[in-house]
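Peer 1: prediction below, plus the sequence it came from.
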Amino acid sequence: MRIVLFGPPGAGKGTQAPRLARAFDLKHISTGELIREAVRADTPLGKEAKRYIDDGRLAPTPLVNQLAEDAIRRAGEQGFILDGYPRTIEQADWLTELLEQNFKPLNAVVSLKVDVEATVQRLSRRRVHKVTGENFHLDFNPPPPEIDASELYQRDDDHPEAIRRRLQIYDKQTAPVEGYYRERGKLIEIAGEGSIDDVFNRISEALSTNA
Ligand code: AP5
Ligand code: MG
């Protein structure tokens, strides 16, 4: 199966994608996570991308397309769930062409619908595990007691100013991607509010019946 998990910052993409990847035996591909890994490893790509991601701007499309393509090729026959990609119409066109020429088309694009107030609440109290990359929330999804606070960090782009900028960029550049897939009959809209398990069950059911 080839799936895109779509939604604004804080919609729950990074929370749901690893669970869905396990349940449907797919490779989880997060362009945000690939970029953060490159930044941590201080590679030339990481150095270039850091200036964009820390203050919440989109990284340059050629760089992100290349990361996505490499990961899609590595996933091969297993299939994938893309998280945070594509994020512009240009990226969506590019992905359509890549899949048409080398693979099979997408089965579905799952769009998580969450109110903007809820996304801000979620992002401002998110904490990420330094080693596993797992996302927690200090109130809604607290880390288990065996995880020490020193093992968690707050993302540089989870501060109020960067959150505001990411949401603005989402409205302007990323939201139109939803219409792109609706027109092509790929879009499945899912309510992203409620418990993490409820959202997971909604997506799983929709994928099992529609994708
Ligand atoms: P990326 O890492 O993709 O960030 P994002 O899209 O802004 O999304 P987030 O990771 O912030 O949110 P999420 O939907 O994953 O939510 P999560 O599950 O963590 O991208 C980062 C940056 O990289 C971009 O700004 C850009 O610079 C660059 N980049 C990446 N891809 C790019 C591309 N294609 N083109 C150009 N640049 C690109 O959940 C959030 C919080 O809510 C967590 O604390 C979680 O525990 C909690 N939560 C989750 N579900 C629930 C629930 N049901 N109820 C209550 N709390 C919940
Ligand atoms: Mg994420």
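Peer 2: Perfect, thanks for sending it. Ligands and ions are numbered 1, 2, ... in the order given.
Peer 1: CA atoms for contacts and neighbours, from now on please.
Peer 2: OK.
Peer 1: helix or strand for Phe136, which one?
Peer 2: Using DSSP states H and E, Phe136 maps to strand 135-137.
Peer 1: just give me the neighbour total for Val128.
Peer 2: Neighbourhood size, Val128 [other Cα atoms under 10 Å]: 17.
Peer 1: so who does it touch?
Peer 2: Glu134, Asn135, Phe136, Leu152, Tyr153, Gln154, Arg155 (Cα atoms under 8 Å, 6 or more residues apart in numbering).
Peer 1: which residue ranges form the helices in the chain?
Peer 2: For the chain, the helices defined by DSSP state H occupy 13-24, 31-40, 44-53, 61-75, 89-102, 116-124, 160-169, 176-183, 196-210.
Peer 1: and the angle for the second one with helix 44-53?
Peer 2: This points to helix 31-40. 120 degrees (axes from the mean of the first three to the mean of the last three Cα atoms, to 10 degrees).
Peer 1: helix 31-40 vs ligand 1: in contact?
Peer 2: Yes: contact of helix 31-40 with ligand 1 is found when judged by Cα under 6 Å from any ligand atom, involving Thr31, Gly32, Glu33.
Peer 1: which of these count as buried?
Peer 2: Thr31, Gly32 (16 or more other Cα atoms under 10 Å).
Peer 1: ligand 1: which of the residues of helix 31-40 next to ligand 1 is nearest?
Peer 2: Gly32 (3.5 Å; Cα to the nearest ligand atom).
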